[in-house]
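Asks: whatever this is, show me its structure:
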Amino acid sequence: MKRPRRQRKTAKERSVEAQAWDEEVDELQETSADEPDETGWKTSTAQMAGLSRLVRAGVWVLVVSGPVLGALAFLSSSAPAQGVTKPVAAASPASPVGPAGFAELFVAAYLQAGQGTEQDLAPYYSGSVALAVKPGTRTATQSTVIASREVQPGYWSITVAADVTAHDDKGKSKRLGIQYFRVGIQATGPAVAGGTAQGAAVAGYVA
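Replies: Purely as a prediction, here's the structure:
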């Protein structure tokens, strides 16, 4: 008969203790919600909810403004810089190959020509020429251009070095050595050939 009394008493004590524990927990929650923390700020459930809303709103603003900021950055990088001068295309110099080769051929024809064969120089020189030497008395065994300068557009000064050999009436040859000839050349062809003609003109040169 004593055991049932002890069981009832124990259950009753348990209910009282649980009720007291709930009251303590409620008091702690009320005091913790209103009392400031170590930093001096009061925290509450409503404040935490408002802060989370602000954080979420800021994240959405960044997400939405990301493509707009990217497009603005792309347009600003692709736009031409203000104040930058455009590079001016440098004029390509005329090629000296044509005038130089023509001058070398003219020197070879000039050395071999003589009195009575002045017409042999007509393809190179348009003016009248009077030669006092006998034709064939000099030849250029070798020749090369050592200097080429465009004096003005279409006009060149060419220096040709020639290894000259002399021939007498008996057929004997004598090497005279290296001689230098400065020849003025007018280029009448297109600009790529050193001349001043416009369009697809045929290259022409006059000594």
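
Asks: list the buried residues for the helix or strand residue 146 falls within?
Replies: Element membership for residue 146 (DSSP states H and E) is strand 138-152. Residues of strand 138-152 classed as buried by neighbour count (16 or more other CB atoms under 10 Å): 138, 140, 143, 145, 148, 150. C-beta coordinates here come from the backbone N, C-alpha and C atoms, glycine included.

Asks: which helices and strands sit right next to that strand?
Replies: helix 97-112, strand 155-167, strand 173-187 (3 or more CB pairs under 8 Å, 6 or more residues apart in numbering; DSSP states H and E).

Asks: hey, which of these is tucked in deepest?
Replies: Comparing the helices and strands packed on strand 138-152 by mean neighbour count (mean count of other CB atoms under 10 Å), helix 97-112 comes out on top with a mean of 20.

Asks: quick one: contacts of that one?
Replies: 120-121, 123-125, 135-136, 138-140, 143-145, 148, 156, 158, 160, 162, 164, 181, 183, 185, 187, 189, 193-194, 203, 205, 207 (CB atoms under 8 Å, 6 or more residues apart in numbering).

Asks: and if you look at stretch 163-175?
Replies: With CB under 8 Å, 6+ apart as the test, stretch 163-175 has contacts from 111, 136-143, 176-179.

Asks: which members of the residues you listed are the farthest-apart pair?
Replies: Spanning the widest gap among these are 136 and 178, at 20.5 Å by CB to CB.

Asks: show me where pLDDT drops low in this protein?
Replies: 1-51, 55, 59, 61-66, 68, 74-93, 199-200 (pLDDT under 70).

Asks: hmm, try it at 90
Replies: Within the chain, the segments meeting pLDDT under 90 span 1-98, 118-119, 125-133, 153-154, 168-171, 187-204.

Asks: state the distance from the closest residue to residue 182 other than its chain neighbours to residue 109.
Replies: Closest residue in space to residue 182, ignoring its immediate chain neighbours: residue 159 at 5.2 Å, by CB to CB, 6 or more residues apart in numbering. Distance of residue 159 to residue 109, computed by CB to CB, to the nearest Å: 17 Å.

Asks: and residue 202, by the same measure?
Replies: 21 Å.

Asks: now do residue 120
Replies: On the measure of CB to CB, residue 120 and residue 109 end up 6 Å apart.

Asks: with residue 184 instead?
Replies: 16 Å.

Asks: ok, residue 163 next?
Replies: Taking CB to CB, one finds residue 163 at 16 Å from residue 109.

Asks: tell me who's in contact with the residue lying closest to residue 118 once chain neighbours are set aside.
Replies: Nearest non-adjacent residue to residue 118, counting by CB to CB, 6+ apart: residue 129, 4.6 Å away. Neighbouring residues of residue 129 by CB under 8 Å, 6+ apart: 113, 118, 121.
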